[in-house]
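**Q** below is the structure, and that's it, no one-letter string:
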């Protein structure tokens, strides 16, 4: 006779991730798995019950594009993620991953994080990083992509040139080892150094290795603005040549002069899908990007080590060269760039103000102010770029092949990551979909929204037993009030948690109750092919294993 369930969630409207209409049911959970989805009122004998009448039960949300690699070590409670229903984050995106990393590139990153955040980064391999992360006991589950930019920096020191045959083979072996250690795929950040120095042949070689190991390619393309169509064409060709599934990261059209390119961009992707290429994309539900202010600099400015890049910024002999590039930007650009996060305490009053505003206060051209400010703050200023079309955003999100993702790192109060103004997407992405987009504007139905945030990303990731509410699946569950759920974070006040998320379970443990964290931290490292259990945990026998996609 089977053991009774540990928990029954009673009377919820179950939206199970499949896309089919919701239905009233009880969820029975034993250990870390769902053991039954039964007609409402029929599941009995549980040690504990949770009344969910009036609430929707959905699979825990999967953030397929996050940047929590280092954040989870400093904020293992991940309040910003789990309080909006996220139970699995995928890091290593945009080409930058915590591991694998080696050589002078590793030493430099480790010293930067130690100096700026007091964070020890002892790892080199993915296995070593996973051990460090698991020891931090994160509240959410976490999976990792291999970052191409990190690979290239480790192999070349950030050089702006073609990699040698030996360097490419070193990178390829590192990818293979990481994939066999549980990485889920490879990511690119082709808009950023040193990834921007790579040619397509280099990426095809690495992508083929990933494909052989069962993974996929997540591509931050070379341009999301003036050469967007060419950039999309490049990654589609790479995926086609390598025979690999492609996830286009945060699909967008940056700057008003490029908003009219959306039809052509969508046509490129949909033509590739029609020919049989496995192409999908993700997007956050906001019209502002968040990246470094140094993204305004030319590609040649990013070559080499951090010290070399900073010295180049501060070199009076190169000032005119920099200004010549920056001055070519439309004047309106600087009105739409808001300083979000700085390193130097003396610069904190700049946070929340535009580059144009700060430049006017100093009677300086905006380009000159931006250059001087980057040099003065160590070259690592975080900025929010208001540059996207609301209409285009809705058209992108409505595409059936587009998933929801935050493109953010998790945060928790007092986490040591600083007191800046992170993008509100870190706090509100998934509830913003459920509230404004589903309930208020009816961009798509609730069942479609849940599928985009659960089963679809798990299919892309190759995770066969997450992303659905069904027997045998991991008990990652979110309960929310569909009439009340909404995001409260804004650009001016991002540190504001959502409303309407009643409870969240991770691996069968309640981590949010009554909208507040419980303190439980049962998250696990999710690997391609398997999941690592924390010490002392048991994975019930006879249940389906995660398989590679």
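**A** Cool, got the structure. Just so it is clear, the model here is predicted, and its values are computed rather than measured.
**Q** can you classify the closest residue to residue 244 other than its chain neighbours by secondary structure?
**A** In space, residue 244 comes closest to residue 211 once its chain neighbours are excluded; the distance is 4.1 Å by C-beta to C-beta, 6 or more residues apart in numbering. Using the backbone N, CA and C atoms, a C-beta is placed for each residue, glycine as well. Of the three states, residue 211 takes helix under DSSP: H, G, I helix; E, B strand; the rest coil.
**Q** can you check residue 182 too?
**A** Following three-state DSSP, we place residue 182 in the coil state.
**Q** am I right that it is in contact with residue 524?
**A** No - judged on C-beta atoms under 8 Å, residue 182 makes no contact with residue 524 at a distance of 11.3 Å.
**Q** can you get me a residue count around residue 464?
**A** Residue 464: 17 surrounding residues under other C-beta atoms under 10 Å.
**Q** what confidence value was assigned to it?
**A** On pLDDT, residue 464 comes in at 95.
**Q** any idea how many residues pack against residue 264?
**A** Using other C-beta under 10 Å, residue 264 has 12 neighbouring residues.
**Q** correct me if wrong, but it is in a helix.
**A** Yes - counting by three-state DSSP, one finds residue 264 located in a helix.
**Q** on that earlier part again, looking at residue 182 and residue 524, which one has more neighbours?
**A** More crowded of residue 182 and residue 524, by other C-beta under 10 Å: residue 524, with 25 against 21.
**Q** hang on, that one packs against residue 134?
**A** Yes - in this structure residue 524 lies within contact range of residue 134 using C-beta under 8 Å: 7.4 Å.
**Q** who's in contact with the closest residue to residue 359 other than its chain neighbours?
**A** Nearest residue to residue 359, sequence neighbours excluded (C-beta to C-beta, 6+ apart): residue 369, at 3.8 Å. Contact partners of residue 369, counting by C-beta atoms under 8 Å, 6 or more residues apart in numbering, are 355, 358-359, 362.
**Q** and residue 520, by the same measure?
**A** Contact analysis of residue 520 by C-beta under 8 Å, 6+ apart lists 139, 506, 509-511.
**Q** farthest-separated two in those residues?
**A** Using C-beta to C-beta, those span at most 11.1 Å, a distance reached by 139 and 510.
**Q** looking at these two, which one has more neighbours?
**A** Neighbours per residue (other C-beta under 10 Å) separate residue 139 from residue 510, with residue 139 holding more: 29 against 18.
**Q** please report how far the more buried one lies from residue 507.
**A** Look at residue 139 and residue 507: by C-beta to C-beta, to the nearest Å, they are 10 Å apart.
**Q** now swap in residue 453 and tell me
**A** On the measure of C-beta to C-beta, residue 453 and residue 507 end up 18 Å apart.
**Q** of those two, who's got more company?
**A** Neighbours per residue (other C-beta under 10 Å) separate residue 453 from residue 507, with residue 453 holding more: 28 against 25.
**Q** quick revisit: give me the pLDDT for the residue nearest to residue 359.
**A** At residue 369, pLDDT is 96.
**Q** give me the domain ranges for the chain.
**A** 7-59+466-531, 62-291+387-461, 303-383 (automatic domain parsing).
**Q** tell me which of the ones you listed sits nearest to residue 297.
**A** Smallest distance to residue 297 across the domains of the chain (C-beta to C-beta): 7.1 Å, for domain 303-383.
**Q** and the end-to-end length of the closest one?
**A** 21 Å (C-alpha to C-alpha, to the nearest Å).
**Q** one more: stretch 374-388?
**A** By C-alpha to C-alpha, the extent of stretch 374-388 from end to end equals 24 Å.
**Q** hmm, who's touching it?
**A** Contacts of stretch 374-388 with the rest of the structure, by C-beta under 8 Å, 6+ apart, involve 225, 252-256, 259, 286-295, 297, 306, 309-310, 313-314, 336-344, 347, 355, 373, 420-423, 491.
**Q** buried only: go through those residues for me.
**A** Using 16 or more other C-beta atoms under 10 Å as the burial test, those include 225, 252-255, 259, 286, 288-294, 297, 306, 309-310, 313, 336-343, 347, 355, 373, 420-423, 491 as buried.
**Q** show me where the stretch 301-450 of the chain has strands.
**A** Using DSSP state E, counting those that start in this stretch, the strands of the stretch 301-450 of the chain run over residues 337-341, 382-386, 402-404.
**Q** nearest residue to residue 182 other than its sequence neighbours?
**A** Using C-beta to C-beta, 6+ apart, the closest residue to residue 182 is residue 527 (2.6 Å).
**Q** how confident was the prediction at the one you found?
**A** Reported pLDDT for residue 527: 95.
**Q** so, low pLDDT: which residues of the protein?
**A** Scanning the chain for pLDDT under 70 picks out 1, 530-549.
**Q** what do residue 139 and residue 507 both touch?
**A** With C-beta under 8 Å, 6+ apart as the test, residue 139 and residue 507 both reach 522-523.
**Q** count of residues packed around residue 320?
**A** For residue 320, the tally of surrounding residues (other C-beta under 10 Å) stands at 9.
**Q** next one: residue 394
**A** Applying other C-beta under 10 Å, we find 14 residues neighbouring residue 394.
**Q** pull up the gap between it and residue 486, please.
**A** Counting by C-beta to C-beta, the separation of residue 394 from residue 486 is 18 Å.
**Q** same thing with residue 16?
**A** Per C-beta to C-beta, residue 16 is found 23 Å from residue 486.
**Q** cool, residue 515 as well?
**A** Distance, residue 515 to residue 486, by C-beta to C-beta: 12 Å.
**Q** what residue is smack in the middle of this protein?
**A** For the chain, the residue nearest the mean C-alpha position is residue 66 (1.6 Å; C-alpha atoms, centre = their mean).
**Q** could you find the closest non-adjacent residue to it?
**A** Closest to residue 66 by C-beta to C-beta, 6+ apart is residue 89, at 4.2 Å.
**Q** and that neighbour, what are its bridge partners?
**A** Assessed by DSSP bridges, residue 89 has beta-bridge partners residue 63, residue 142.
**Q** buried set for stretch 386-406?
**A** Buried residues in stretch 386-406 (16+ other C-beta under 10 Å): 387-389, 392-393, 395-397, 399, 401-406.
**Q** ends of stretch 282-289, what's the gap?
**A** So stretch 282-289: terminal residues 14 Å apart, C-alpha to C-alpha.
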